[in-house]
Structures are given as structure tokens and as C-alpha cells.
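1. compute the structure for the input listed below.
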Amino acid sequence: MRTVLINCGPIVHVDSNEPIIGHQMVDDKWIFPEGKAIVTNGIEIESIEDSKAVQDDYQSHSSNEVTIIDVNGSAIIPGLIDSHTHMVWGGDRSREVRWKQQGNTYSDIANMGGGIVSTVNSTKSMSERDLFIIAKNRLMKSLRNGTTHIETKSGYGLDSITEIKLLKVAKQLNEDNDTPSVDSTWLGAHAIPDKHTLESYTEEIISHQLPLVAESQLARSADVFCEPGWFGIDESELILEAAKSYGMNLRMHIDEFSDGNGGELAAKLKVDTADHSHYTSEDNRVKMTKSGVSTGFLPGTPYSMGSNWPDFNSMIDNEHLWTIATDFNPNNQILSMPFVASCIVQRCAVDPLAALVASTINPSFTTPHQTGMRHGVISPGAVANLNILNSKHWESWCLTPGHSPISANVLNGKYNNYEN
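-> As a prediction, the model looks like this:
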């Protein structure tokens with residue numbers, strides 16, 4: 001069955017066959033002027049045509065064959081891709097906000113009974129069903145804010161049984177037709193669990209946990225929290241090389257709190273994306289670019305922690321490949337891609353078109369759609385994922401941080417209206 005969106009306002013299509021970098025990120029060639037229509041057929045965008053011509057073509061069709069929706073000049077952007085999240089976990093760490101305000105560091109809070117291990121303990125006690133219900137609710141909020149695809153990680157189990165449980169929940173979410181599609185990543189190397197040393201847990205991961213995860217085929221990628229005080233360069237390399245031997249794609253958390261030289265390792269291993277990257281040196285950013293590594297900025301994290309912002313505009317000037325994502329997690333409960341875009345647009349003077357490129361076409365290369373079809377673009381043959389804004393101006397997509405800018409969206413060909 002076809003859905004036809006007529007009387008479209010400007011359409012930001014970002015239709016490129018490769019990631020967009022440098023000042024190409026702010027080029028108006030990625031925007032169609034008002035007056036077009038978008039035709040979808042099942043899960044696929046079929047065509048983008050003149051609106052009046054499309055109305056003439058389809059007005060004789062029966063309602064059983066086609067649904068015509070007049071968007072009345074509203075701007076349209078691609079479905080947003082949240083390329084770094086932690087969706088599946090239980091518990092509540094709200095008390096940690098005061099601990100941070102009292103001057104305690106991330107490590108201090110972990111030693112006080114908070115941090116990742118606190119979430120691990122809560123998560124282990126929950127059933128798959130309960131975790132699924134909580135995570136689906138989160139995903140539906142993401143969809144309401146324009147996200148049509150996410151990458152999500154395990155990492156709140158820190159043992160083989162619980163890590164597999166979290167990945168099973170992520171698979172169930174991906175199979176749910178109501179939620180954004182889900183790309184699963186194993187992150188057992190997220191922290192050091194109780195009763196383990198760094199050395200003993202690294203050995204357990206390589207000899208036991210990773211083989212089970214690989215055999216389960218529940219995770220497309222493997223990730224490591226490579227940071228001084230967590231997994232060092234040597235341990236991270238051992239774990240990622242082991243994951244690579246099983247055919248898994250590679251991702252990394254790097255340089256969130258300081259420059260731990262994670263960027264150099266990311267470049268050496270040619271990982272798909274190295275995220276956080278808050279304090280990565282320019283020399284290592286150059287190495288990452290030469291190796292085809294994307295930098296995954298997570299603006300919600302410095303927002304939640306009250307720290308300084310990275311220099312996003314230097315990434316444009318220096319022609320580095322970069323994306324943004326929410327980093328939704330127990331200590332950073334942001335489910336809105338438009339909000340994190342607002343952070344870099346309204347606080348860091350990044351062009352809203354560059355922010356949109358970093359939220360759509362660019363992350364589509366680090367977290368592909370399960371069908372193998374293109375997504376994060378509005379183009380014939382791509383997945384029918386798109387957002388209809390509350391405004392006739394596309395720039396509005398990131399200017400309402402307190403509420404969603406989305407009036408309706410199309411998820412894998414299914415139209416969702418939020419105005420009624």
C-alpha cells in the first residue's frame with residue numbers, strides 16, 4: 001500500500017552515497033524547495049515528485065490502494081539515527097546528582113556505591129520481560145522525538161548470562177514493529193565487576209564471554225570503554241582484536257574524561273566509530289580520519305555532567321567525519337535527538353544543517369539498517385523513515401528543546417500522527 005505526502009514544505013534529503021564532511025555539511029544543495037510530494041510503498045520511499053502532478057495521478061485511486069496525506073507546507077527531515085545509546089537497564093541513580101554537586105568524581109561515585117555497578121546490580125535482578133517493557137517505553141519516547149533507528153549496547157550485566165539477557169531484549173525490541181529499528185552492540189567491557197581485577201575480567205571476557213556472544217549472533221558489534229581507570233589501551237586492544245576474530249564490527253568509548261590516547265588505538269584498529277572523544281587530540285583526530293573512523297560526539301553527556309563542550313565546528317573546518325547521539329543511560333536520561341542537536345546549535349553555534357547531517361546520513365554508515373537499505377536520507381529506494389515538523393522551516397527541528405518538534409513521522413513505511 002502506498003502513502004503519499006502532498007504539499008510538502010522544504011525537504012532536507014541529504015541524499016549522498018557517502019558520509020558528508022567539511023563545509024559540504026552546510027550546503028543548501030541537500031534541501032529541496034517546497035512544492036514536492038513523497039510517495040512511499042511499503043517500507044520503501046518510491047519517488048519524490050511535483051506535488052500537483054502527484055495529486056493528479058493518485059486522486060482516482062481508491063482508499064484501499066493509497067493514503068494521501070496533506071502536510072500543508074510542513075518541513076520534512078529524514079528519520080533521525082541515534083547511534084549511541086544504552087536502552088536496556090533497570091534501577092534508578094537519581095541520587096548521584098547531589099554527589100556530583102558535592103565534588104565527587106565519576107570514580108568517587110562508583111566507590112560510593114553508585115555508577116555502572118549500581119545499575120548492574122539492579123539489572124541482574126530483573127526479568128527479560130520487565131526489561132523489555134521498560135526499554136520499549138523508552139524507544140517509543142525516542143520515536144516521538146523523531147528517532148527511527150538506534151544503536152544500543154549491553155554493558156549492565158558484566159557477566160555472560162546477564163549480557164546475553166540484555167542482548168536478547170534488544171533483539172526483541174528490534175522485532176517489535178512499533179519501535180525504531182535496533183542495532184545491537186555487546187559492551188561487556190564497560191566496567192570491572194566486583195570480585196574481579198582488570199586482568200582477570202579481561203581474561204574472562206576473551207576466554208568465555210565473547211565466544212558465547214559471538215555464538216549467539218545477538219550483537220553485530222563489540223565495544224570497549226577505553227578510558228584511564230577502566231580498560232586501558234592494552235586491554236582494549238586485546239578485547240577488540242578478539243571480537244574482530246569472530247567477525248564482529250568494532251566500536252569504542254574513548255577520551256571522555258581525559259586524552260587517554262584512545263584515538264590512536266581507534267585509528268590503528270580502524271573501528272567504525274570512536275565515541276565521546278571529548279578530549280581526543282587533533283593529531284589523533286587526523287589519524288582517525290585517515291583510517292576512516294567516525295567520531296561519535298555525545299553532547300548530552302557534557303550537558304548532564306556540567307562540563308565544557310568539545311569544539312564541534314573545528315570538526316567541520318578540519319574535514320573530520322563526525323556524528324552526534326544521545327548516549328541515553330542511567331546518568332544521562334536524554335531520549336531526544338533534537339535536544340542534543342539544540343545543545344550544539346544553540347550553545348555551540350553549529351549550523352543546524354550540519355547537526356542534521358550528523359544525526360542522519362553520517363551515522364547511517366556506522367549503524368546500518370537491518371534490511372541493508374539506505375536510511376537517514378530521503379531518496380527513492382531508501383527506507384521510508386522520515387519526520388514531518390511542526391513548522392514550515394526545517395531549522396525548527398532543533399529549536400524546541402523542551403518538547404518534540406515532530407508532528408508526525410513515517411517509521412518503516414508506517415505513518416504515525418502525533419497531533420490528535
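2. rest of the way, CA atoms for contacts and neighbours
-> Noted.
3. Glu34: neighbouring residues, count only.
-> When neighbours are counted by other CA atoms under 10 Å, Glu34 registers 18.
4. so who does it touch?
-> 7-11, 73 (CA atoms under 8 Å, 6 or more residues apart in numbering).
5. of those, which is the nearest to Asn104?
-> Nearest to Asn104, judged by CA to CA, of the contacts of Glu34 is Ile11 at 46.3 Å.
6. read off the pLDDT value for the closest one.
-> pLDDT, Ile11: 99.
7. got phi/psi on it?
-> With angles defined as degrees, to the nearest 10, Ile11 sits at phi -120, psi 120.
8. show me which positions of the longest strand along the chain end up buried.
-> Criterion DSSP state E: the longest strand present in the chain is strand 181-189. Of the residues in strand 181-189, 181-189 count as buried by neighbour count, 16 or more other CA atoms under 10 Å.
9. what about this protein, any weak spots by pLDDT?
-> 62, 420 (pLDDT under 70).
10. so the residue located most distally from the centre of it is in which element?
-> Ranked by distance from the centre of the chain (CA atoms, centre = their mean), the top residue is Ser60, with 40.9 Å. Here Ser60 sits in a region with no helix or strand, counting by DSSP states H and E.
11. returning to that earlier point: of all the buried residues of strand 181-189, which comes closest to Lys392?
-> Lys392 lies nearest to Ser181 out of the buried residues of strand 181-189, by CA to CA, at 27.7 Å.
12. and the gap between Glu395 and Val345?
-> Using CA to CA, to the nearest Å, we find Glu395 at a distance of 10 Å from Val345.
13. would you map the strands across the stretch 151-300 of the chain?
-> When assigned using DSSP state E, counting those that start in this stretch, the strands of the stretch 151-300 of the chain occupy the ranges 181-189, 221-226, 249-254, 273-276, 294-297.
14. how about these in TSV, adding distance to Val26?
-> Formatted as TSV, the strands of the stretch 151-300 of the chain follow (distance: least, CA to CA, whole Å):
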stretch	distance to Val26
strand 181-189	28
strand 221-226	31
strand 249-254	27
strand 273-276	22
strand 294-297	18
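15. out of the ones you listed, nearest to Lys165?
-> strand 181-189 (11.1 Å).
16. contacts for the closest one next, please.
-> When contacts are defined by CA under 8 Å, 6+ apart, strand 181-189 is touched by residues 148-159, 163, 167, 170-171, 173-175, 202, 205, 209, 213, 218-225, 231, 367-370.
17. tell me the strands beside that strand, with direction?
-> If you go by DSSP bridges, strand 181-189 pairs up with strand 147-153 (parallel), strand 221-226 (parallel).
18. mind putting those strands in CSV, mean neighbour count and distance to Glu264 included?
-> Below are the strands paired with strand 181-189 laid out as CSV (neighbours: other CA atoms under 10 Å; distance: least, CA to CA, whole Å):
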stretch, mean neighbour count, distance to Glu264
strand 147-153, 28, 23
strand 221-226, 27, 11
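19. among those, which comes closest to Ile334?
-> Once the strands paired with strand 181-189 are compared by CA to CA, strand 147-153 is nearest, at 12.2 Å.
20. distance from that closest one to the middle of the chain?
-> The chain centre lies 5 Å from the centre of strand 147-153; the measure is CA atoms, centre = their mean, to the nearest Å.
21. and for it, what's in contact with it?
-> 79-88, 142, 167, 170, 179-187, 336-337, 367, 369, 385-386, 411.
22. which helix runs longest in this structure?
-> Longest helix in the chain, counting residues (DSSP state H): helix 128-144.
23. output it as PDB, nothing but the C-alphas.
-> Extracted C-alpha coordinates of helix 128-144, given in PDB (Å, rounded to 0.1, in the frame of the first residue of the first chain):
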ATOM      1  CA  GLU A 128      13.700 -10.200  30.300                       C
ATOM      2  CA  ARG A 129      10.000  -9.300  30.200                       C
ATOM      3  CA  ASP A 130      10.400  -6.500  32.700                       C
ATOM      4  CA  LEU A 131      13.400  -5.100  30.900                       C
ATOM      5  CA  PHE A 132      11.600  -5.300  27.500                       C
ATOM      6  CA  ILE A 133       8.700  -3.300  28.800                       C
ATOM      7  CA  ILE A 134      10.900  -0.600  30.300                       C
ATOM      8  CA  ALA A 135      13.100  -0.400  27.200                       C
ATOM      9  CA  LYS A 136      10.100  -0.300  24.800                       C
ATOM     10  CA  ASN A 137       8.700   2.600  26.600                       C
ATOM     11  CA  ARG A 138      12.000   4.400  26.200                       C
ATOM     12  CA  LEU A 139      12.100   3.700  22.500                       C
ATOM     13  CA  MET A 140       8.500   5.000  22.000                       C
ATOM     14  CA  LYS A 141       9.600   8.300  23.500                       C
ATOM     15  CA  SER A 142      12.600   8.300  21.200                       C
ATOM     16  CA  LEU A 143      10.300   7.800  18.200                       C
ATOM     17  CA  ARG A 144       8.000  10.600  19.400                       C
END
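24. quick one: list the elements packing against that helix.
-> Other helices and strands packing on helix 128-144, by 3 or more CA pairs under 8 Å, 6 or more residues apart in numbering; DSSP states H and E, are helix 160-174.
25. what residues does the helix it packs on touch?
-> 88-89, 124, 128-129, 131-132, 135-136, 152-157, 179-186, 188, 208-209, 212-213, 218-219.
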